[in-house]
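[1] Pasting the sequence and the predicted model now:
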Amino acid sequence: MSPTDLSARHPSACDLTAAHIRAIAPYQPGKPTAELQRELGLTHIVKLASNENPLGVSPHALQAMQDQLETLALYPDGNGYGLKSAIAARFCVSREQIVLGNGSNDILEFAARAFLGAGTSAVYSRHAFAVYPLATQTVGARGIEVPARNYGCDLTAMVDAIEADTRVLFIANPNNPTGTFIPAQELLAAFRRVPAHVLIVLDEAYTEYLTAEDAYDSLGWLAEFSNLLVSRTFSKAYGLAGLRVGFGVASLEVIDLLNRVRPPFNVNTLALAAAEAALADTGFLARSVALNRAGMAQVTRGLGDLGLETIPSWGNFVAFRVGDGAAVYQALLRKGVIVRPIANYGMPEWLRVSIGLASENATFLAALATILGKGTELA
Ligand SMILES: *Cc1c(COP(=O)(O)O)cnc(C)c1O
């Protein structure tokens, strides 16, 4: 009997994977600069596709990594004592209330692994962060997608959509890719209506960009809500996206469960050291936030001048409507500008641009103006 006959009679391991795994549409990351360079041979590329920090890495974080290079033969501290201590001190929580992640993406995955599975469901909004449906699907749970209101979360409808088998409610505030924001009072009112059998995952990847007026103390709310998990990241305002480090804060009981599904040594030595240093570098954070504020004004004004609709954004990016998103995305690529198509978020007429340095924002706006036939390109 030939191997072919065998395989005809016996399905392969791949054939036997669960239907919910086969149904997954993989996450689509922003196009890397080097990839566009290879494809088009361009020398000057502006990447505004992944909400990265245009200021780069804090010098203090760089130094902290330098100081750790010689220790790399050793495993990292699997409990992240130093970083957890720094987070605990900064945010007035205990170390035992913190779980560290390889990016905050890890925290979302841990919530799904610990709280979801076959026969359960998760509620999230339409146009919400792509990882919520992915994490839900990966563990064989059912996703309940709630229609958005003005591209933002309709929190009342989301709480109303909770079913008996619902175990997780995912909320990004501000949301990516829309940039929409739910004020603290609305969040609190909704949280008080969430039944105890549901873990609220409040994903605050962009919380550092909020003005003092909009900022709220979700970590202080943990005293009231034992079913609340707040996730934060070092990827955006702290400028460490390439290192992959984030954290979750919740009750001891929730954190204990998340730690059970967390892989050992999930955060590496350099990431631990850099994140601790980045947290201490409040000057860098302040500069990042200030740069974003100025850039957001520049970009939204520029898009408005081009007659384009934008969604008011509380993050470090803004969605704008161009009609044929795919065509404008491709045209921008040819001019060396990488933005993010968001058709996979149900928004094919829109693109999302991250706020960059003033010069990068200007390059983007000039290229877009040319493409739309509304301006002359910069020399
Ligand atoms: C960028 C982002 C994250 C953070 O991702 P990391 O894994 O921490 O890099 C989480 N949630 C949302 C909504 C985001 O936009």
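    Yep, it's here. Worth saying up front: this structure is predicted, and the values here are computed from it rather than measured. Numbers count the residues shown, from 1 in each chain.

[2] which residues of the stretch 51-200 of the chain fall in strands?
    With strands called from DSSP state E, counting those that start in this stretch, the stretch 51-200 of the chain shows them at 98-101, 121-125, 142-146, 166-172, 199-203.

[3] Give the burial count for the residue lying closest to R149 once chain neighbours are set aside, as a bare number.
    If you skip the residues right next to it in sequence, R149 has A157 as its closest partner in space, 7.5 Å away by CB to CB, 6 or more residues apart in numbering. Glycine gets a C-beta too; all of them are placed from N, C-alpha and C. Around A157 sit 15 other residues, with neighbours defined as other CB atoms under 10 Å.

[4] Tell me which residues touch A157, please.
    Going by CB atoms under 8 Å, 6 or more residues apart in numbering, A157 touches 146-147, 149.

[5] Let me see the backbone angles for the residue lying closest to G315 once chain neighbours are set aside.
    Of all residues beyond its chain neighbours, the one nearest G315 is Y206 (4.0 Å), with distances taken as CB to CB, 6+ apart. Geometry field for Y206 lists phi and psi as phi -120, psi 20, criterion degrees, to the nearest 10.

[6] pLDDT weak spots in this structure?
    Within the chain, the stretches with pLDDT under 70 are 1-8, 375-379.

[7] So what does the most centrally placed residue in it have for phi and psi?
    Nearest to the centroid of the C-alpha atoms of the chain, with distances taken as CA atoms, centre = their mean, sits A205, at 5.8 Å. Note on A205: backbone dihedrals following degrees, to the nearest 10 are phi -60, psi -20.

[8] list the contacts for the residue in the stretch 1-150 of the chain positioned nearest to the ligand?
    Using CB to the nearest ligand atom, the closest approach of the stretch 1-150 of the chain to the ligand is made by G103 at 2.6 Å. With contacts taken as CB under 8 Å, 6+ apart, G103 has the following neighbours: 233, 235, 244-246.

[9] at 6 Å instead, please
    244, 246 (CB atoms under 6 Å, 6 or more residues apart in numbering).

[10] ok, now the one 5 residues further on?
    If a contact means CB under 6 Å, 6+ apart, then L108 has 131, 135 as its contacts.

[11] Likewise for I342?
    Under the criterion of CB under 6 Å, 6+ apart, the contact partners of I342 comprise 177, 350, 352.

[12] how far away is the first one from Y345?
    This means P177. Per CB to CB, to the nearest Å, P177 is found 5 Å from Y345.

[13] which of the two has more neighbours?
    Just comparing P177 and Y345: by other CB under 10 Å the higher neighbour count belongs to P177, 27 against 21.

[14] quick one: the residue nearest to G315 from N53, how far?
    Relative to N53, and taking CB to CB, Y206 is found at 12 Å.

[15] Repeat that for V249.
    22 Å.

[16] Likewise for I338?
    Applying CB to CB, the value for I338 to N53 is 16 Å.

[17] Only the buried subset of the contacts of A157, as a ChimeraX command please.
    Command for ChimeraX that selects the buried part of the contacts of A157, burial taken from 16 or more other CB atoms under 10 Å:
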select :146
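
[18] With distance to A49 as extra columns, can I get the contacts of A157 in JSON lines?
    Supplementary listing: these in JSON lines, determined by distance: CB to CB, whole Å:
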{"residue": "V146", "distance to A49": "27"}
{"residue": "P147", "distance to A49": "27"}
{"residue": "R149", "distance to A49": "27"}
